[in-house]
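Asks: Mind folding the following:
(2 chains)
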Amino acid sequence: GESVGLHLPTLSVQEGDNSIINCAYSNSASDYFIWYKQEPGKGPQFIIDIRSNMDKRQGQRVTVLLNKTVKHLSLQIAATQPGDSAVYFCAELREEGAQKLVFGQGTRLTINP
Amino acid sequence: DTGVSQNPRHKITKRGQNVTFRCDPISEHNRLYWYRQTLGQGPEFLTYFQNEAQLEKSRLLSDRFSAERPKGSFSTLEIQRTEQGDSAMYLCASTPWRQGFTGTQYFGPGTRLTVL
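Replies: The predicted model follows:
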């Protein structure tokens, strides 16, 4: 079936380094993708989004890359800080009907001092 | 605070009891979504409302679950005769939908349900 998934369940990086979190999707008709950050005991927090007519989008310290050829997207976090420690989810918004979000399992990012 | 709010934040109940959760979306957001998240997993869609109309329900939403949004503002999610398998985080999200609009959903902090 169609799904949104992540390559790695955990990622550990040194403070100040750059982080790259990957996500694969299977629905070639997917049109809109969102990265969320979730800290313990909190709801998912919007980080950045990208539409299928774009290859790259930048925010503050974050960049999302979309490769439609291989159905892959990534989240790059520059100069990681302790506050970046969280679980990161990619989510696909399927436009038909409910426009429900379909989430992957998440990647836990740990920042080492 | 103008974000999505949910109450209670935590609920512990005994199997077989009924529980009700409340979600207050961002003001003027006409779409409201409920998701369920179990440990180590991403959120899964349960149901959504456009204004007061409940337009879709997931197969995850058994007949023990009922959701309402009577005035198109806040919403409640009730679980009757709770089971241990209902233990999860219940998340609410809202978005200002309009025709031709595709945008993100903003989540509340969730209600953590533990069924003993």
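Asks: before we move on, what SS does the spatially most central residue of chain B have?
Replies: Compute the mean C-alpha point of chain B, and by CA atoms, centre = their mean the closest residue is residue B:34, 3.0 Å away. Using DSSP: H, G, I helix; E, B strand; the rest coil, the structure places residue B:34 in strand.
Asks: Make sure it is actually in contact with residue B:46.
Replies: Yes. The criterion here is CB atoms under 8 Å, and residue B:34 meets it with residue B:46 at 4.3 Å. For glycine as for every other residue, the C-beta is placed from the backbone atoms N, C-alpha and C.
Asks: Can you name the residue of chain A nearest to chain B?
Replies: residue A:103 (2.9 Å; CB to the nearest CB).
Asks: any bit of the helix or strand of chain B with the lowest mean pLDDT sitting next to chain A?
Replies: Least confident element among the helices and strands of chain B, by mean pLDDT, DSSP states H and E: strand B:53-57 (a mean of 92). Yes. Strand B:53-57 reaches chain A (CB under 8 Å from any CB of the partner chain) through B:55-56.
Asks: helices and strands around that strand, which ones?
Replies: Here strand B:53-57 touches strand B:44-50, going by 3 or more CB pairs under 8 Å, 6 or more residues apart in numbering or on different chains; DSSP states H and E.
Asks: Identify the residues contacting the strand it packs on?
Replies: Contacts to strand B:44-50, defined as CB atoms under 8 Å, 6 or more residues apart in numbering or on different chains, come from residues A:98, A:100-103, B:30-37, B:54-58, B:60-61, B:65, B:67, B:69, B:72, B:75, B:77, B:90, B:97.
Asks: Okay, angle between that strand and strand B:53-57 too, please.
Replies: Angle, strand B:44-50 to strand B:53-57, by axes from the mean of the first three to the mean of the last three CA atoms, to 10 degrees: 160 degrees.
Asks: Just the buried residues of stretch B:50-63, please?
Replies: B:54, B:56-58, B:61 (16 or more other CB atoms under 10 Å in any protein chain shown).
Asks: Make TSV from those and add distance to residue B:105 to it.
Replies: Formatted as TSV, these follow (distance: CB to CB, whole Å):
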residue	distance to residue B:105
B:54	16
B:56	14
B:57	17
B:58	15
B:61	18
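Asks: Spatially, which two of these are the most separated?
Replies: Pairwise distances across these peak at 11.6 Å for B:54 and B:58 (criterion: CB to CB).
Asks: hmm, back to that, in contact with the closest residue to the residue of chain A closest to chain B other than its chain neighbours, which residues are there?
Replies: Leaving aside its chain neighbours, residue A:103 sits nearest to residue B:42 (2.9 Å; criterion: CB to CB, 6 or more residues apart in numbering or on different chains). Residue B:42 makes contact with A:89, A:91, A:103-106 under the criterion CB under 8 Å, 6+ apart.
Asks: Could you say which of those residues is surrounded by the most neighbours?
Replies: Highest neighbour count within these: residue A:89, with 27 neighbours (other CB atoms under 10 Å in any protein chain shown).
Asks: pretty sure that one is in contact with residue A:36, am I right?
Replies: Yes. Using CB under 8 Å, residue A:89 makes contact with residue A:36 at a distance of 4.7 Å.
Asks: which residues do those two both contact?
Replies: What both residue A:89 and residue A:36 touch, as defined by CB under 8 Å, 6+ apart, is the set A:44, A:103.
Asks: In this structure residue A:75 contacts residue A:64, no?
Replies: Yes. Using CB under 8 Å, residue A:75 is in contact with residue A:64, at 5.6 Å.
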